[in-house]
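# Return atomic coordinates for the entry below.
(one chain, ligands or ions: 2)
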Amino acid sequence: MSEVVTLERQGAVAVVRVNNPPVNALGVAVRSGLQNSFNAAEADPEVKAIVLVCDGNTFIAGADIKEFGKPPQSPSLPEVVNEIEAGSKPSIAVIHGTALGGGLEVALSCHYRIARKDAKVGLPEVKLGLLPGAGGTQRLPRVVGVEKALDMIVSGNPIAATEAEQLGVVDELFEGDLLAAGLAFAEKLIAEGKGPRRTGERTDKLEGVDNAALVAAKRAEIEKKTPGLFSPQRCVSAVEASFTLPLAEGLKRERELFAECLVSPQRAALVHAFFTERQASKVDGLPADTPVRDIKSAAVIGGGTMGVGIAMCFANAGIPVKILEISEAARDAAIQRARDTYGMSVKRGSLTEAALEKRMALVSGITDYADLADVDVVVEAVFEDMGVKQKVFEALDAHCKPGAILASNTSSLDLNQIARFTKRPEDVVGLHFFSPANVMRLLEVVRGEQTSNEVLATAMAIGKKLKKVAVPVGVCDGFVGNRMVFQYGRESEFLLEEGATPEQVDAALRKFGMAMGPFAMRDLSGLDIGLAIRTRQRQTLPAEYKLPTILDKMAEAGMLGQKTGKGFYVYEKGSRTPLPNPELPAILEAASKEQGVERRTLSDEYIIERTMYALINEGAKILEEGIAQRASDIDVIYINGYGFPAHQGGPMFYADAIGLDRVYARICEFHEQLGAWWKPAPLLEKLAKEGRKFADL
Ligand code: 3HC
Ligand code: NAI
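Ligands and ions are numbered 1, 2, ... in the order given. The predicted structure is shown next:
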């Protein structure tokens, strides 16, 4: 047998055990270990049933993603699962943790499945740009029917064990010891004389339903929701084969479609997104034994838009949190806003009333700094004004216990200056949440010049506890995400001055895959935010850095976005649907005239280049300055904080995919045609000339 898969006999039951940390992925050693173990159990006349069980935190969590793109090694997973299913002795998969992708496919090839009550099962391949390639698209519909199989395979979302039991994906739920449960189930089968029950031979769930109509409806839904994605329609085609072709041919069709996905650029980008999200949490140079402080209680200063959302993040993680406000009225309003926001989740059905009360019991309001004496971490989220921040940090320094983490949620102010307002700058760190803080996954962890290793490690651990994607960044105006988005915003406004419309720019970028177009986004966050930044930039940027004037003109006309019902689009009362703003063309024309620009027709391709290359050029500067540790961290920030499409891998991955020589050449042209702000980043120039990629750094 192999080291990662072992076989032992317990009476008449063969126990096949997988032990391949961290997640028992199906690398070649596991595949051949499974094949050998099942074959040996099949050949052993004493064995009457086979139990498959996994060590560690989880059942098999899928194929080994690290093997994608490398030459395939035998045995293949389809071969292994087909052999397991064909076995003549009843086999039982004992599921705990997560049976995902290839893991669930192995379980579906076993003749019976039992699951621990807290387990989850699913086929998330679509999230990696793939489809289930080891029989999942043929066997799952045979167990749950085409409609549910399409839901699970096209969404990629796992289901809980309880639902899996209701659907018949698992036969029984259990609590406690895995092996004991597996052996008990096996012995029951032996006693009852039950033999193999092969999923592949079933057709009952495929009959009596208009499966073709279900397929057509799913295709139309995908076309509407995610037209640019490669794998979802192929998932549907594979499921379609489950009821139009016999099993063997269906499996062949699935394999062909899987192979198409495997070589698609989207698959490479999505796997990049998967691994780099995990890599981002690792801070270069931070010793592995850096102590992490215990965080049992928290406080937030300022219960405004961000403060309330941040407090909810702590409550969601089971950490008691106090919100400090300037008055009793403001304090009570903040608490009420937290309750109302949870209330909306209750209304939507994503939270129970009991869970709301449990979370609200963790949130309290205060107005006195003396009440902060015992908290482990404080996050300041008051107005973006250095004078106000100074007062707050001086008060925190005076009242918080030694060792408390003092964090700021500032989005643009100098964290080093903020740290100097205290006598313990080593305890000060930035925790830059994104709005709405209780929803957005991204957290930029800002390392000040004096932030200690221990505080940085604790801040990263807090991010993990709050279920955020925490990415370490350095201090500069806007950190990584906002600093880059300034460039993106400026270019998109210039495009309007040059002849494009908000509708055209938004549509081109949505087609590229952005969750929202830049102008719909500006309307949502309010034009005043962008205008304040522009005004500050006019004072700080060198004179040759031209800035668009559209925001100023719109603000003068009272167009501040959704909050005034009018911005780049107009919004009917109570609606968030953007409609064309009939007053905008005149403003755009006036801006073009003022800038001396002849309005012209711009192609979608040009729109993508101008906006994306602006991001890439700034990203290269950020990397060179060491503000981000790695190019892939920038990708993680953009995917998780700015709606950048994961299937494009993030701006830096996208640049590598185009080729840095091409990107550099185009940026040189923009520099010549448009102005000084397009000066290519020296790092980009260097890499382009050396024929290297950001990923090589
Ligand atoms: N292959 C290789 N490595 C994997 C992996 C996989 N399938 N899944 C996770 N890992 C690695 C992670 O990269 C991480 O490595 P690191 O410690 O070096 O950073 C480590 O395992 C732990 O992962 P997480 O940090 O994500 O641990 P969590 O406990 O938070 O989550 C999990 C565990 C839910 C299993 C999550 O890792 C996950 O969702 N994994 C991916 C599952 C998946 O997509 N499976 C389908 C694969 S495609 C497939 O099966 C094709 C088939 O149909 C042919
Ligand atoms: P906000 O104006 O909604 O809330 C600020 C709150 O702080 C108000 O409720 C105010 O009463 C309170 N406050 C002011 N001075 C105080 C003091 N001395 N002590 C206690 N409370 C005080 O502001 P918002 O949007 O929540 O922003 C807060 C911080 O978060 C700013 O630094 C901002 O740059 C940052 N930020 C904002 C984001 C956003 O999208 N709004 C995103 C990320 C960061």
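# What score does Ile658 have for pLDDT?
We have a pLDDT of 97 for Ile658.
# neighbours of it, just the number please.
Neighbour count of Ile658, defined by other C-beta atoms under 10 Å: 15. Quick note: C-beta positions are derived from backbone N, CA and C, even for glycine.
# so who does it touch?
If you count contacts by C-beta atoms under 8 Å, 6 or more residues apart in numbering, Ile658 has none.
# Try it again at 10 Å.
Ile658 makes contacts with Glu609, Met612, Tyr613, Ile616, Arg666, as judged by C-beta atoms under 10 Å, 6 or more residues apart in numbering.
# Quick check: Lys679 touching Glu618?
No: taking contacts as C-beta atoms under 10 Å, Lys679 lies outside contact range of Glu618: 11.1 Å.
# okay, those two: which has more neighbours?
Here Lys679 and Glu618 are compared on neighbour count by other C-beta under 10 Å; more neighbours surround Glu618, at 22 against 16.
# element containing the more buried one?
helix 604-624 (DSSP states H and E).
# which helices and strands does that helix pack with?
Helix 604-624 sits against helix 481-498, helix 502-512, helix 631-641, helix 651-658, helix 660-674, helix 682-690, with contacts defined as 3 or more C-beta pairs under 10 Å, 6 or more residues apart in numbering; DSSP states H and E.
# where exactly do the strands run in the stretch 401-550 of the chain?
405-408, 428-433, 442-446, 469-473 (DSSP state E, counting those that start in this stretch).
# I'd like the C-alpha coordinates of the first one written as PDB, please.
The C-alpha atoms that make up strand 405-408 are tabulated as PDB, following Å, rounded to 0.1, in the frame of the first residue of the first chain:
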ATOM      1  CA  ILE A 405      -4.100  46.500  20.000                       C
ATOM      2  CA  LEU A 406      -4.900  50.100  18.800                       C
ATOM      3  CA  ALA A 407      -6.100  49.900  15.300                       C
ATOM      4  CA  SER A 408      -7.300  52.600  12.800                       C
END
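# where's it relative to the chain centroid, distance-wise?
25 Å (C-alpha atoms, centre = their mean, to the nearest Å).
# What strands line up against it, and which way round?
Here strand 405-408 is paired, per DSSP bridges, with strand 377-380 (parallel), strand 428-433 (parallel).
# Name the residue of the stretch 201-350 of the chain that lies nearest to ligand 1.
Using C-beta to the nearest ligand atom, the closest approach of the stretch 201-350 of the chain to ligand 1 is made by Arg278 at 3.8 Å.
# Let me know how buried that residue is, in neighbour terms.
10.
# so which strand or helix has it?
Using DSSP H and E, Arg278 falls within helix 265-279.
# Kindly state the pLDDT recorded for the residue nearest to Gln10 when sequence neighbours are not counted?
Spatial nearest neighbour of Gln10, excluding adjacent residues (C-beta to C-beta, 6 or more residues apart in numbering): Leu183 at 6.1 Å. Looking at Leu183, its pLDDT is 98.
# Got phi/psi on Leu183?
phi -60, psi -40 (degrees, to the nearest 10).
# ok, it touching Ile50?
No: here Leu183 does not reach Ile50: they are 11.3 Å apart, not a contact under C-beta under 10 Å.
# Check the burial of Ile335 by counting its neighbours.
Ile335 has 18 neighbours, counted by other C-beta under 10 Å.
# ok, now which ones touch it?
Listed by C-beta under 10 Å, 6+ apart, the contact partners of Ile335 are Gly303, Val308, Ala311, Ile323, Glu325, Met360, Val363, Ser364, Gly365.
# What's the first helix or strand after the helix holding Arg278?
strand 298-301.
# how about that next one against ligand 2, any contact?
Yes: against ligand 2, strand 298-301 shows contacts by C-beta under 6 Å from any ligand atom at Ile301.
# starting at the chain centroid, how far to the helix or strand following that strand?
Remark: after strand 298-301, the chain's next helix or strand is helix 305-316, criterion DSSP H and E. Distance of helix 305-316 from the chain centroid (C-alpha atoms, centre = their mean) equals 19 Å.
# Listing request: residues of the stretch 351-500 of the chain with sub-threshold pLDDT.
Along the stretch 351-500 of the chain, no part satisfies pLDDT under 70.
# in it, which spans are helices?
Applying DSSP state H, counting those that start in this stretch to the stretch 351-500 of the chain gives helices spanning 353-360, 386-399, 415-420, 453-465, 481-498.
# Kindly state the domain boundaries assigned to this protein.
For the chain, automatic domain parsing gives the domain ranges 5-263, 298-475, 482-696.
# Out of the helices and strands in the protein, which is least certain?
Lowest by mean pLDDT, DSSP states H and E among the helices and strands of the chain is helix 527-540, with a mean of 85.
# Let's see the helix or strand just after that one as PDB, backbone CA atoms only.
Following helix 527-540 in sequence order, the next helix or strand is helix 550-556 (DSSP H and E). Extracted in PDB, the C-alpha atoms of helix 550-556 (Å, rounded to 0.1, in the frame of the first residue of the first chain):
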ATOM      1  CA  ILE A 550     -16.600  66.100 -14.400                       C
ATOM      2  CA  LEU A 551     -17.200  65.400 -10.800                       C
ATOM      3  CA  ASP A 552     -16.900  69.100  -9.900                       C
ATOM      4  CA  LYS A 553     -19.400  70.000 -12.600                       C
ATOM      5  CA  MET A 554     -21.800  67.300 -11.500                       C
ATOM      6  CA  ALA A 555     -21.500  68.200  -7.800                       C
ATOM      7  CA  GLU A 556     -22.300  71.900  -8.700                       C
END
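# So what touches helix 550-556?
Contacts of helix 550-556 (C-beta under 10 Å, 6+ apart): 489, 492-494, 496-497, 502, 519, 522, 527-535, 538, 559-561, 564, 566-568, 581, 583-584, 586-588, 590-592, 594-595.
# Buried among the residues you listed? Make that a ChimeraX selection.
In ChimeraX syntax, the buried subset of those is picked out as below (16 or more other C-beta atoms under 10 Å):
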select :489,492,493,494,496,497,502,519,522,527,530,531,533,534,559,560,561,564,566,567,568,581,584,587,588,591,592
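# Please list which of the contacts of helix 550-556 also come close to ligand 2.
Within the contacts of helix 550-556, nothing lies near ligand 2 by C-beta under 6 Å from any ligand atom.
# In a strand, Leu173, correct?
Yes: looking at Leu173 with DSSP: H, G, I helix; E, B strand; the rest coil, it is inside a strand.
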